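# No letters, just coordinates:
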């Protein structure tokens, strides 16, 4: 049976770091997988981390588009891809000058 495991994210608007305190294995594994080590561990398994605030992303509302707008964007991308295929990517220059 799963039980409640809290995760608290705290930051100041003007600061550059966020503080995360968690008991969640999911959060702990994810943070440590990207190389963030805890600065504090308590005797009940909770861990505290400091991360750059830029790592936090709020979800955005799903974009709602009319079929007409979707068609216009699709056609624009199709033309862009055709142009890229004709022009191609610039080739890397090798060798010494």
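The structure has been received and is ready for your questions. For clarity, every value in this text was computed on a predicted model and none was experimentally measured. Residues are numbered from 1 along each chain as shown.

# Buried residues, stretch 18-36. List them.
Buried residues in stretch 18-36, counted by 16 or more other C-beta atoms under 10 Å: 18, 19, 20, 21, 22, 23, 24, 27, 28, 31, 36. Heads up, the C-betas are built off the backbone N, CA and C, glycines and all.

# among the residues you listed, which are in strands?
Judged by DSSP state E, strands contain the following of the buried residues of stretch 18-36: 18, 19, 20, 21, 22.

# Tell me the one of these nearest residue 45?
residue 22 (9.5 Å; C-beta to C-beta).

# got the contact list for the nearest residue to that closest one once chain neighbours are set aside?
Take residue 22 and drop its neighbours on the chain: the residue closest to it by C-beta to C-beta, 6 or more residues apart in numbering is residue 7, 4.0 Å away. Contacts for residue 7 (C-beta atoms under 8 Å, 6 or more residues apart in numbering) come out as 20, 21, 22, 23, 24, 27.

# what about the residue lying closest to the first one once chain neighbours are set aside, which SS state?
Closest residue to residue 20 in three dimensions, ignoring its sequence neighbours and counting by C-beta to C-beta, 6+ apart: residue 49, at 4.6 Å. Following DSSP: H, G, I helix; E, B strand; the rest coil, the label given to residue 49 is strand.

# For residue 15, see how far away residue 49 is.
Using C-beta to C-beta, to the nearest Å, one obtains 15 Å as the distance from residue 49 to residue 15.

# So for these two, which residue has more residues nearby?
residue 49 (20 against 10; other C-beta atoms under 10 Å).

# tell me which residues in the longest helix belonging to the chain are buried?
The residue-count maximum for a helix in the chain (DSSP state H) belongs to helix 67-87. Residues of helix 67-87 include none that count as buried (16+ other C-beta under 10 Å).

# What helices and strands are in contact with it?
Taking 3 or more C-beta pairs under 8 Å, 6 or more residues apart in numbering; DSSP states H and E as contact, there are no helices or strands that helix 67-87 lies on.

# who touches that helix?
By C-beta under 8 Å, 6+ apart, helix 67-87 touches residue 65.

# Hmm, the residue nearest to residue 20 is touching residue 35, no?
No. At 11.0 Å, residue 49 does not count as touching residue 35 under the criterion of C-beta atoms under 8 Å.
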